[in-house]
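K.L.:
Could you look at this predicted model? Sequence included:
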Amino acid sequence: MNFNKWIRQIHRWLSIIFTLTVIITFIALTQEKPLVWVSYVPLLPLALLLLTGLYLFALPYVGKWRGGPRTDG
């Protein structure tokens, strides 16, 4: 796999991890004595999703800007 496919695959797995951490956070915060620090757990996957998402968003534009062939993949 090339670098773009790795980033795309990492982005997909990060989205699954982020969704699970949000669900876990909701469950933890509904407890009688909620642990407030649990609400910060989804921030790391969210930040990584932001970075990989911005990279994937910029791919077609950078390809056009450089004048090179489009990377579909």
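P.N.:
Yep, it's here.

K.L.:
CA atoms for contacts and neighbours, from now on please.
P.N.:
OK.

K.L.:
what pLDDT does Leu35 get?
P.N.:
For Leu35, the model assigns a pLDDT of 87.

K.L.:
likewise Gly68?
P.N.:
What the model reports for Gly68 is a pLDDT of 58.

K.L.:
how about the helix or strand harbouring Ile24: buried residues?
P.N.:
Element membership for Ile24, per DSSP states H and E: helix 3-29. Residues of helix 3-29 classed as buried by neighbour count (16 or more other C-alpha atoms under 10 Å): Asn4, Ile7, Arg8, His11, Leu14, Ser15, Phe18, Thr21, Val22, Thr25, Ala28.

K.L.:
and the third one, how far is that from Ile17?
P.N.:
In other words, Arg8. To Ile17, Arg8 is 14 Å away according to C-alpha to C-alpha, to the nearest Å.

K.L.:
before we move on, back to that, list the buried ones in the following helix or strand past the helix holding Ile24?
P.N.:
Sequence-wise, the next helix or strand downstream of helix 3-29 (DSSP H and E) is helix 43-66. The neighbour-count check on helix 43-66 (16+ other C-alpha under 10 Å) flags Pro45, Leu46, Leu48, Leu49, Thr52, Leu56, Leu59 as buried.
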